[in-house]
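Chemist: Need the 3D shape of this:
(chains A and B)
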There are 2 protein chains.
Amino acid sequence: MRKLLSVCGTASAILVGAANAAPADAVAAAKEYRQDHAPRILREFADLLSLPNDAADARAIDANAEAIEAIFNKRGFAMELLRYEDAPALIYGRRSVEGATRTIAIYVHYDGQPTEDANWTHPPFEPTLYSRAIPDGGKQIPFPEDGDSVNDDWRLYARSAADDKAPLASLAAALDALEAADMALTSNIVLVFDGEEERGSPNLDAYLAAFGDRFADVDLWLFCDGPTHQSGRPQLVFGVRGVTGLEVTVYGPDRGLHSGHYGNWAPGPGWRLARLLASMKDDQGQVLVDDFYASTAPLSDADEAALAATPGVDRDLRRRFGLAASEADNAPLAERILLPALNLKGLKSAEVGEAARNVIPPSATASIGIRLVKGNDPEAMKDLVEAHIARQGYHIVREEPDRRTRLKHPLIAKVTREGGYRAVRSSMEGDLVEGLIAALKTAAGDDLILAPSLGGSLPLYIFEDVSEAPIVILPIANFDNNQHAADENLRLGNLFYGVDAYAAVLTME
Amino acid sequence: MRKLLSVCGTASAILVGAANAAPADAVAAAKEYRQDHAPRILREFADLLSLPNDAADARAIDANAEAIEAIFNKRGFAMELLRYEDAPALIYGRRSVEGATRTIAIYVHYDGQPTEDANWTHPPFEPTLYSRAIPDGGKQIPFPEDGDSVNDDWRLYARSAADDKAPLASLAAALDALEAADMALTSNIVLVFDGEEERGSPNLDAYLAAFGDRFADVDLWLFCDGPTHQSGRPQLVFGVRGVTGLEVTVYGPDRGLHSGHYGNWAPGPGWRLARLLASMKDDQGQVLVDDFYASTAPLSDADEAALAATPGVDRDLRRRFGLAASEADNAPLAERILLPALNLKGLKSAEVGEAARNVIPPSATASIGIRLVKGNDPEAMKDLVEAHIARQGYHIVREEPDRRTRLKHPLIAKVTREGGYRAVRSSMEGDLVEGLIAALKTAAGDDLILAPSLGGSLPLYIFEDVSEAPIVILPIANFDNNQHAADENLRLGNLFYGVDAYAAVLTME
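Modeler: Numbering: from 1, shown residues only, chains lettered A, B, ... in the order given. Below you'll find the model as predicted:
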């Protein structure tokens, strides 16, 4: 049985008596503050980055939680380290604002991907400053002293510099900037800092279920993770794709047969799998499974307008990845990720290359991933694919077929269904979201891209399950941050953009 | 540079003055002789089987060659151990017969598959006698003493008991039987015993080229290898399939891409491979590559008649291999192997199962085997498959495509062509072959199956290249001999059938 524990941190809610400021003023104050105090902001960030944060290392992750608790406690938040079994703490913070009529929750994760030190130019937990990106010829430079000026193109190298400690540093600096300018926050702020996102947040639903009362008044969820747009421009993202999948194995003879003695007599499972897969998706990327697109929620006019305003990155991406063409006659990536996807993650039957033998193999397997968009139910989408397989004449089984089954059915497919979760996509309309967009534009300019969805998947449905509040993703890291890889880095201009962005959010009208 | 060496053994050609006998008389004499001398035949065979014969062990293989040289030297053959570099000796023997107007060459191989002792019930080179097959409840029994009777269902367990030392024992006994009955041979006999067949006879063509004069007068090649028909009935086989193949790799992005961020934008190589393969073969096993069947030599009336007389084994084989149906609407195996086959030996793209990741893989590979029948040229058949791939829109390359190639061609297939060799199929007609068939029937009865071809491949084209003589395969081993596996065994009835069969061949009219 799982056990729940709540460990309260030091609560020190502060009532702020400062004047309300328009986001534009707050952004101006943030810019001034961060220019004056950039060396100190950097030092505090580097201190945080020097703490190893692999979620598998309980002691290390605890040290992070305590440091982060202190950072925001100092900035007027009542902090708690919520505990569920022996999972990393979910860091909770609340700062109530006099007269505020709404609550914004800010989600960040403080764990990082495991590191393989050997691949790093500098050890991943020894933050190191460069004059620009290393592949672009950057040179190592010393950390600036108070009073030194700082360049936007400098890069800070360390694990989690981008993914996902950068928002913590930007948010702390934004709070300091508003404090220094005596500007009031306009919303109650709730902090939710996840300690095992890189492991798939396996306990996040349990945390929310156990501590749901702490989130009951949230009016807007702000997810602060991921990079800015591939074009380099800032973005707000209104959703994520869901994900599920299944594995299909089809069969030939019950053992490998000599391809001379039995070749073109014994049915080859690879041919069967090829025909089955070819029936699922055409050469333009259109999925041929009946009703695969039917449950997809339509886009609003606002979504369509946002898409139309999104800069094309397709040509650059095709060049980057060595592709002469992308699916659906080069249809834009931004549109494609608003459709459910059927992905072939892997294929296997016997061996290829030097290991190939003259054999009719007994089976062939395909690992199929399904990315979901708003409206698609994970189970229903797998049902559609299964129904398609059955329509191709296959008898579907859940275990390796026994002799009796083999002799009865010419075509047998073992289908193993994976778990998964649905997509989330919030509306770009409504006072609150429109207020957020307007505020962000004071930091990002009219450059701000509004994206209906990420292509990737995050389990944001967990938040949708506990609240009807819109869910919006606000990324600040540079696109080329080497997320999850060696030499992860943050461009300082992106850290500073984060300071401006949070100042705008904290003072949104 | 390769060097040729010929080491002559002791030549002792014997002129035989005995009377010509009809094959029926010779078979009767053989039956009487082997009933009287079965214990001695078994002992001599067991002595030969006690010699380890992995072709990779030069010393062991030499010991076999010397023992076999002695066996046939004693029976009137002039023997030579032909030497080519450090390859196992090709054992050559000749017995010239007064008045004979033709020469029959008998091919056997004396090397065996490598053994994994742990899997054997008894060590593979300690010949052991059983009352019947071990899985059928056979019990170990002592070797019989002179005068003891012997049962046809007994099994002799040892490596090469069936594949392929059995013909050596049967032939030696047949020679003794004719000698004892004072019956003359009716043909000159040439012996060709290969010492590295299980390694693919890599030097056989070099041997034949270097020592071609010794084979110049051969009128009929008799290949003594392999098992009797799956029905258990004796057979003569008039050909083998050829073999070649190619490997095809198709491409997606130049690196694995996140299936969320880029799924249904980046083309998946697995889907491409599936569509390409699905275009090659239909769900009834019909190959859809243009002209794939066009070069296939037609069957003669004699071939058709032989096929019509072949007992159906398909239902049993389907049950044995757990197949509800075989290709081409359950068309008989005997007919299917007379067509060229396109076999899918293996498939691979990224990973499946636990190792599968959420990725659009960079490539997908298929290992394709082609089995050839008479008339199919190995290179021309690969050309047809390549042309088919090109017709599906693929740009064909020989190496991993570079960036420029990737950006120019949406569809790229790397095709790696394998070597291979053509099929051989001799006519069932003509005086010599009809004489052979008639002689064999005196040993095998009207049960004798005439098969136009094996499904498997042997490099018999090497013999076709040096001589126009027909090539016929005479197998004697039981079908369930565990060839190439542990507990290889010979049913004694099959050893004795071999004695009768060789007596008939040696006296054919």
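Chemist: so for the helix or strand containing A:Ala67, what's the average pLDDT?
Modeler: If you go by DSSP states H and E, A:Ala67 is part of helix A:58-73. Mean per-residue pLDDT for helix A:58-73: 98.
Chemist: helices or strands up against the helix or strand just after that helix?
Modeler: Sequence-wise, the next helix or strand downstream of helix A:58-73 (DSSP H and E) is strand A:78-84. Under the contact definition 3 or more Cβ pairs under 8 Å, 6 or more residues apart in numbering or on different chains; DSSP states H and E, strand A:78-84 sits against strand A:4-8, helix A:58-73, strand A:90-95, helix A:204-210. Glycine gets a C-beta too; all of them are placed from N, C-alpha and C.
Chemist: strand partners of strand A:78-84, parallel vs antiparallel please.
Modeler: Note on strand A:78-84: by DSSP bridges, its sheet partners are strand A:4-8 (antiparallel), strand A:90-95 (antiparallel).
Chemist: Between these, which has the poorest mean confidence score?
Modeler: Mean pLDDT per stretch puts strand A:4-8 lowest among the strands paired with strand A:78-84, at a mean of 41.
Chemist: need the helices and strands packed on strand A:78-84 in JSON lines with mean neighbour count, can you?
Modeler: Output for these, formatted as JSON lines (neighbours: other Cβ atoms under 10 Å in any protein chain shown):
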{"stretch": "strand A:4-8", "mean neighbour count": "12"}
{"stretch": "helix A:58-73", "mean neighbour count": "18"}
{"stretch": "strand A:90-95", "mean neighbour count": "24"}
{"stretch": "helix A:204-210", "mean neighbour count": "18"}
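Chemist: Leaving out chain neighbours, which residue sits closest to A:Leu454?
Modeler: Distances taken as Cβ to Cβ, 6 or more residues apart in numbering or on different chains put A:Val240 closest to A:Leu454, at 4.9 Å, once the chain neighbours are dropped.
Chemist: ditto for A:Asp194
Modeler: The shortest distance from A:Asp194 to any non-neighbouring residue, by Cβ to Cβ, 6+ apart, is to A:His109 (4.1 Å).
Chemist: now swap in A:Leu49 and tell me
Modeler: Nearest non-adjacent residue to A:Leu49 (Cβ to Cβ, 6+ apart): A:Ala158, at 4.0 Å.
Chemist: Identify the residues contacting the one you found.
Modeler: Residues near A:Ala158 by Cβ atoms under 8 Å, 6 or more residues apart in numbering or on different chains: A:Ala46, A:Leu49, A:Ser50, A:Pro124, A:Phe125, A:Glu126, A:Pro127, A:Thr128, A:Glu488, A:Asn489.
Chemist: and the gap between it and A:Ala70?
Modeler: Distance of A:Ala158 to A:Ala70, computed by Cβ to Cβ, to the nearest Å: 19 Å.
Chemist: lowest-pLDDT helix or strand in chain A?
Modeler: Least confident helix or strand, chain A: strand A:4-8 with a mean of 41, by mean pLDDT, DSSP states H and E.
Chemist: still on that earlier bit, let me know the pLDDT of the residue nearest to A:Leu49.
Modeler: In this model, A:Ala158 is scored at 98, pLDDT.
Chemist: and what of the one 4 residues further on?
Modeler: The predicted structure scores A:Ala162 at 96 on the pLDDT scale.
Chemist: Looks like it contacts A:Leu490 (just checking).
Modeler: Yes: here A:Ala162 reaches A:Leu490: they are 4.7 Å apart, a contact under Cβ atoms under 8 Å.
Chemist: if I look at the two, which residues touch both of them?
Modeler: In terms of Cβ under 8 Å, 6+ apart, A:Ala162 and A:Leu490 are both contacted by the residues A:Ala477, A:Asn478, A:Asn481.
Chemist: and the last one, how many residues sit next to it?
Modeler: One way to gauge burial is a neighbour count; for A:Asn481, by other Cβ atoms under 10 Å in any protein chain shown, it gives 23.
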